[in-house]
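*Asks:* Test case, fold it:
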Amino acid sequence: MSENTTGPVVRFTPMTGRERAYDFAPLPCPPLHAPLAAALTARLAPDTGSILTLAAADTYFGTIRRFLAFLSMQDQPLASLDDVRPGHLYTYRDVEGATRSAAGIGRELAQLCRLLQDAPYGSLHSSVWDLIKAPRKITGPQPPRTAVQVYSHREYTALLQTARTDAAEIIARLTASEELLAAFRAAADTLSEEDQATARLLDVMDRTGHIPHVEGRRKQDTARLLFLTLADAAPLFVLALALGRLRVTETADLPSQHMVNHGDVVFRINQRKEGTAPCRWEIRGEGHDPLESASDFYLLLHRLTERSRRFSGTPQLWNLWTGRSANLSGHAPFSRHAASPLLATWAHRHHLTADDGRPLTIQMPRLRATAKAQAQAQPRT
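*Replies:* As a prediction, this is how the structure comes out:
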């Protein structure tokens, strides 16, 4: 965050594209600018890994802009963020809810609560702090959920076939690099000059985690020789959801720590209300395609992400080279918040279509629901 002559400016560098500056100067309620800018800075920080796109960052700034506009219309001017009370949040809900759906205002208030939770310590009144830890206290009961529509057999088959094709190419790419690196370390003089040059890059990346500069090549293209990158995430996440049939949050937060017990891979998952719970998947093992079963795919993913996990120092299974991380290694856990835009880009690139001929939209809950329905429809052996 930087200061201009009239207010703070928060700068954000997305996963792709140019930096964007969020200027608070034109916004109302100047006394609230500094703590809200600090909250936005914390929310957009690279080490969180939660906000990777301009669209996501724009929604947070839009929430701040709307909330400040609402506060500026209050009879009593606010001298600090500490002056905000629960009544302001409830009234904001009613005002915004007059023109938005229940789901839309729910998302708005959830974002606002996350922002306020990131405000500097001591800048919020205790009554507001207690409230924002549970946004549903503000939004009230949610409307009944409608059943999730599943994909058709054709749509689902196309999704999985495309994901498996891409995953096979990813495995082949990384396996070839692994073999080249092993050959280089065993007998470098048996390799061609070109292979030796590539192997030296692999050796540096394997030892340090850093991506050397190569003239005429993008950094991410060099990184993907040895590491999974965000470009690989979409097809792998599709398979993880379809094979594991866990919730989206549970899939994204899969732990790397596990054990193999009596032919099963066993680990603990974090559930929203129940805490941690054991998960056990049967290993099909050698001779079976690892892209066909949850356990073998988990073990495959564990191997593919091992290096990035080592350099990021985090326990999550999903670790990739992203170019952005808290420890400056460039390796970080994959965030579920980044999944939707990556899946949309991936589906568009492969020209996936719905049954009506329109571009296919990949909705993660819908994908999981389809996988569960398919599994229930299969005869038990």
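
*Asks:* so where's the chain uncertain?
*Replies:* For the chain, the stretches with pLDDT under 70 are 1-5, 16-17, 47-50, 141-145, 271-275, 326, 379-381.

*Asks:* by contact count, what packs against the longest helix along it?
*Replies:* As assigned by DSSP state H, the longest helix anywhere in the chain is helix 153-187. On a contact count with 3 or more CB pairs under 8 Å, 6 or more residues apart in numbering; DSSP states H and E, helix 153-187 meets helix 193-208, helix 230-244, helix 294-304, helix 364-377. From N, CA and C alone the C-beta is placed, and that goes for glycine too.

*Asks:* Show me what the last one is in contact with.
*Replies:* So the one you mean is helix 364-377. 148-151, 156, 159, 238, 241-243, 245-248, 339-340, 343 (CB atoms under 8 Å, 6 or more residues apart in numbering).

*Asks:* Can you list the buried residues in that helix?
*Replies:* Within helix 364-377, the residues that count as buried by 16 or more other CB atoms under 10 Å are 364, 366, 367, 368, 369, 370, 371, 374.

*Asks:* separation between the third one and residue 347?
*Replies:* So the one you mean is residue 367. Going from residue 367 to residue 347 by CB to CB, to the nearest Å gives 11 Å.

*Asks:* Could you look up the SS state of residue 41?
*Replies:* helix (DSSP: H, G, I helix; E, B strand; the rest coil).

*Asks:* Test my guess that it contacts residue 9.
*Replies:* No - assessed by CB atoms under 8 Å, residue 41 is found out of contact with residue 9, at 10.1 Å.

*Asks:* how about the helices and strands packed on helix 153-187, which one is nearest residue 139?
*Replies:* helix 364-377 (19.3 Å; CB to CB).

*Asks:* that older thread, and the helices and strands packed on helix 153-187, which is most packed in?
*Replies:* Mean neighbour count, computed with mean count of other CB atoms under 10 Å, is highest for helix 230-244 among the helices and strands packed on helix 153-187, reaching a mean of 23.

*Asks:* ok, which stretches of the stretch 251-381 of the chain are helices?
*Replies:* Taking DSSP state H, counting those that start in this stretch as the test, the helices found in the stretch 251-381 of the chain are 294-304, 306-312, 339-349, 364-377.

*Asks:* possible to save the ones you listed as TSV with distance to residue 54?
*Replies:* Below are the helices of the stretch 251-381 of the chain laid out as TSV (distance: least, CB to CB, whole Å):
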stretch	distance to residue 54
helix 294-304	29
helix 306-312	24
helix 339-349	10
helix 364-377	21
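
*Asks:* From residue 368, how far off is the residue positioned nearest the centre of the chain?
*Replies:* Of all residues in the chain, the one closest to the mean position by CA atoms, centre = their mean is residue 335, 2.1 Å from it. For residue 335, the distance to residue 368 (CB to CB) stands at 18 Å.

*Asks:* hmm, back to that, return the members of the contacts of helix 364-377 classed as buried.
*Replies:* Counted by 16+ other CB under 10 Å, those give 150-151, 156, 159, 238, 241-243, 245-248, 339-340, 343 as buried.

*Asks:* Among those, which one lies nearest to residue 186?
*Replies:* Distances from residue 186 to the buried ones among the contacts of helix 364-377, taken by CB to CB, are shortest for residue 243, at 35.0 Å.

*Asks:* who touches stretch 316-328?
*Replies:* With contact meaning CB under 8 Å, 6+ apart, stretch 316-328 is reached by 13, 15, 46-47, 49, 52, 211, 219-220, 223-224, 227-230, 232-233, 252-256, 298, 301-302, 305, 308-309, 311-313, 330-334.

*Asks:* change it to 7 Å
*Replies:* If you take CB atoms under 7 Å, 6 or more residues apart in numbering as the criterion, stretch 316-328 is touched by 46-47, 219-220, 223, 227-230, 233, 252-256, 301-302, 305, 308-309, 312-313, 330-334.
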